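Engineer: Sequence and predicted structure, then a few things I'm wondering about:
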Amino acid sequence: MKALLNDAISMTFYSAQDNVPGLDLLPCEFVQQVETSYTQTRQTELLRSRALLISELPHIHPSRILDLDNSTPLSFHLPASLSHKNGHLLLGLFQSPLVHAAGVDIEVEHAVPEKVFQRISTPSEAALLKSYFGKADNWPTFSFSLKESLVKMASQSENQKMRFNQIEMTEISDARIRLKTPFENSIVQWTKGRIEAHGLLYTACWQLT
């Protein structure tokens, strides 16, 4: 387990080998439903993430956390964001009442080639991010992760599923992004980092009220 602290959102990383708190709090009925409905990888993700949320959000009724209805993403009604990768788990929790929406993402370093990121971005957005990240050879993966975090945040903010092609970064600095969506142009705060022991990188973004 590794805490990645931030004034707006707190992030906690659990490797695939870490014990996650709250597994003993999961109802048997929920565990059975997951074990009979999903692949082994997805079972692990669901059980670990839901256990962690129940443990970290005791004021939220478990029924809201354990709902497996895919038509309503979990983050729509929780002050949190989740990301999974190869059994690893990153949980972001709102720390400030001013946080309106947030998104977090983890990716394997160097996993995303430039042409993949270009497929989910506009030419101007790709040029913007390539210029911002400079000569870093992992810029496409960082850019992909950042866009994934922003999609999660925008979906939470608008209370509807957003797609990559519905959002566009038009400006970026070390702390802020100007984001264009079909509904608004907004200023978003963000951060990034690496979890070197596991060859991962992460991004997080949040929007204030």
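Structural biologist: Everything's here; your move. Bear in mind the structure is a predicted one, so any value in this text is a computation, not a measurement.
Engineer: Going by C-alpha atoms from here, please, whenever you check contacts or count neighbours.
Structural biologist: Fine.
Engineer: contacting residues around the helix or strand that contains Thr44?
Structural biologist: Here Thr44 sits within helix 40-56, counting by DSSP states H and E. Contacts to helix 40-56, defined as CA atoms under 8 Å, 6 or more residues apart in numbering, come from residues 20-26, 31, 34-35, 60, 62, 65-66, 82, 84, 87, 89.
Engineer: Now, of these, which are buried?
Structural biologist: Among the contacts of helix 40-56, those classed as buried by 16 or more other CA atoms under 10 Å are 20-23, 26, 34-35, 62, 65-66, 82, 84, 89.
Engineer: what helix or strand does Val20 sit in?
Structural biologist: With DSSP H and E as the test, Val20 turns up in no helix or strand.
Engineer: so who does the most centrally placed residue in the chain touch?
Structural biologist: What sits nearest the mean C-alpha location of the chain, by CA atoms, centre = their mean, is Val104, with 2.6 Å. Shown in contact with Val104 (CA under 8 Å, 6+ apart): 81-83, 90-92, 148-149, 152, 202-205.
Engineer: Nearest spatial neighbour of it, chain-adjacent residues omitted?
Structural biologist: Distances taken as CA to CA, 6 or more residues apart in numbering place Ala204 nearest to Val104, at 4.3 Å, with adjacent residues excluded.
Engineer: any idea which element Leu89 lies in?
Structural biologist: According to DSSP H and E, Leu89 maps onto strand 88-94.
Engineer: following that strand, which helix or strand comes up?
Structural biologist: strand 99-108.
Engineer: Give the buried residues for that next one.
Structural biologist: 99, 101-108.
Engineer: wouldn't Lys161 be in contact with Ser155 here?
Structural biologist: Yes. Contact criterion CA atoms under 8 Å: Lys161 and Ser155 qualify, at 4.9 Å.
Engineer: Comparing those two, which residue is more hemmed in?
Structural biologist: Ser155 (20 against 15; other CA atoms under 10 Å).
Engineer: I'd like to know which elements the helix or strand where the more buried one lies is packed against.
Structural biologist: Secondary structure from DSSP H and E places Ser155 in helix 139-158. Here helix 139-158 touches strand 99-108, helix 114-119, helix 123-133, strand 200-208, going by 3 or more CA pairs under 8 Å, 6 or more residues apart in numbering; DSSP states H and E.
Engineer: Same list (those) but as JSON lines, adding distance to Glu45 and mean pLDDT.
Structural biologist: Below are these laid out as JSON lines (distance: least, CA to CA, whole Å; pLDDT from 0 to 100):
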{"stretch": "strand 99-108", "distance to Glu45": "14", "mean pLDDT": "94"}
{"stretch": "helix 114-119", "distance to Glu45": "25", "mean pLDDT": "92"}
{"stretch": "helix 123-133", "distance to Glu45": "31", "mean pLDDT": "94"}
{"stretch": "strand 200-208", "distance to Glu45": "17", "mean pLDDT": "95"}
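Engineer: Out of the ones you listed, which one sits most buried?
Structural biologist: Neighbour counts (mean count of other CA atoms under 10 Å) averaged over each of those peak at strand 99-108, with a mean of 25.
Engineer: Check which strands are paired with that strand and give the direction for each one.
Structural biologist: If you go by DSSP bridges, strand 99-108 pairs up with strand 200-208 (antiparallel).
Engineer: Can you show me the CA trace of the partner strand as CSV?
Structural biologist: Provided in CSV are the C-alpha atoms of strand 200-208 (Å, rounded to 0.1, in the frame of the first residue of the first chain):
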residue,chain,number,x,y,z
LEU,A,200,3.3,2.2,-13.4
LEU,A,201,2.4,5.8,-13.8
TYR,A,202,-0.7,7.6,-12.6
THR,A,203,-2.7,10.8,-13.2
ALA,A,204,-5.5,12.4,-11.3
CYS,A,205,-7.6,15.4,-12.0
TRP,A,206,-10.4,17.2,-10.1
GLN,A,207,-12.8,20.0,-10.6
LEU,A,208,-13.8,22.5,-7.8
